[in-house]
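> any chance you could fold what I've pasted below:
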Amino acid sequence: MPEALVIIPTYDEIENIGRILDAVLALPQNFCVLVVDDNSPDGTAQRVAEKQSAFPKRLFLEKRTAKKGLGTAYLHGFRWALERPYRFIFEMDADFSHNPIDLPKLLSACERGADLAIGSRYSNGVNVVNWPMKRVLLSYVASKYVRFVTGMPLQDATAGFICYNRKVLESIDLNKIRFLGYAFQIEMKYKAWKKGFASTEVPIVFTDRTRGRSKLDKAIFWEAFFGVITLRINSLFNAD
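Model prediction:
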């Protein structure tokens, strides 16, 4: 079995899912892919199922009964992965904002010793394409805010393009992860950092989706804003 699994959560990604799967599965590193679909009404899961016959040992599908959020989709994927002998486990979006050609860079960083490799938009300037300036500034300031409140030495704490060494996920009690959106990404990195795992940021170019609709909303932003404070307070009292 290949050592690396890419988890891709989906909800209404019919316009992107076939293309992203083709791009990932064509890479020479022989990645496996797990799609966690939240009962997409547009037929996303059916499109994945159609492709499984061509990649029976590398493409997998988990269908959930409702839209339950990004964080729970990744947690579902993490648990699925840990039941199998994957050494490296990735988070990746379906909409090409994370470029599949960067997957080998993240994998290489972990193979060289990093416990956590983060595809970073801000470790080498600001590398974001097709976002309005207001959103770029909001995201950049949010990362600075997270760094200030938590103390994590990361330039892009809200990034969602990540390679985990298996031992990182095994060490974290996934049942105690509290958040669903951006705050989920921060919480996972924070718990790994508090446990002493070594992270590295790999510069990438983040390109906003050109097909389909964004799932972001204000509730996700505010969850992240207050969630960071909650994480910091809990850590001061040694709460897990």
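
> in stretch 21-32, what counts as buried?
Along stretch 21-32, these residues count as buried under the neighbour rule (16 or more other Cβ atoms under 10 Å): 21, 24-25, 31-32. Where C-beta positions appear, they are placed from N, C-alpha and C, glycine not excepted.

> narrow those to those in strands?
Among the buried residues of stretch 21-32, DSSP state E puts C32 in strands.

> apart from its chain neighbours, what residue comes closest to L25?
F55 (5.7 Å; Cβ to Cβ, 6 or more residues apart in numbering).

> read off the pLDDT value for that neighbour.
F55 carries a pLDDT score of 95 in this model.

> check the secondary structure at it for me.
Recorded secondary structure, F55: coil (DSSP: H, G, I helix; E, B strand; the rest coil).

> do the one 10 residues further on as well
Taken by three-state DSSP, the conformation at T65 corresponds to coil.

> just N124 next, same as before
coil.

> ok, it touching P203?
Yes - with contact defined as Cβ atoms under 8 Å, N124 reaches P203; the gap is 4.0 Å.

> quick check: mean pLDDT across the strand or helix carrying T72?
Taking DSSP states H and E as the definition, one finds T72 inside helix 70-82. Regarding helix 70-82, the rounded mean pLDDT is 96.

> now do stretch 125-138
Mean predicted confidence for stretch 125-138 is 78.

> please enumerate the helices of the chain.
For the chain, helices defined by DSSP state H occupy the ranges 17-25, 44-52, 70-82, 103-111, 133-150, 166-171, 182-194, 218-236.

> picking that back up, for the helix holding T72, give me every contacting residue.
5, 7, 9, 34, 36, 38, 60, 62, 64, 89, 91, 160, 166, 169-170, 174, 177, 179-181, 183-184, 215 (Cβ atoms under 8 Å, 6 or more residues apart in numbering).

> ok, now which ones touch K63?
Going by Cβ under 8 Å, 6+ apart, K63 touches 37, 39, 45.

> shaky segments in the protein?
Counting by pLDDT under 70, the ranges of the chain that qualify are 1, 209-226, 236-240.

> what's opposite V128 in the beta bridge?
Under DSSP bridges, the beta-bridge partners of V128 are F206.

> burial count for it?
19 (other Cβ atoms under 10 Å).

> again with P56
Number of residues near P56 (other Cβ under 10 Å) recorded here: 8.

> before we move on, what about the one 3 residues further on?
By the measure other Cβ under 10 Å, the count of residues near L59 is 20.

> any idea how far N39 is from Y11?
Using Cβ to Cβ, to the nearest Å, we find N39 at a distance of 8 Å from Y11.

> returning to that earlier point: between N124 and P203, which one's more packed in?
Remark: of N124 and P203, P203 carries more neighbours, 16 against 13, as counted by other Cβ under 10 Å.

> tell me the contacts of that one?
P203 makes contact with 120, 123-124, 127, according to Cβ under 8 Å, 6+ apart.

> what of L59?
For L59, the contact set (Cβ under 8 Å, 6+ apart) comprises 21, 25, 32-33, 35, 48, 51-52.

> ok, so of those residues, who is nearest D208?
Of all the contacts of L59, the one with the least separation from D208 (Cβ to Cβ) is L21, at 20.1 Å.
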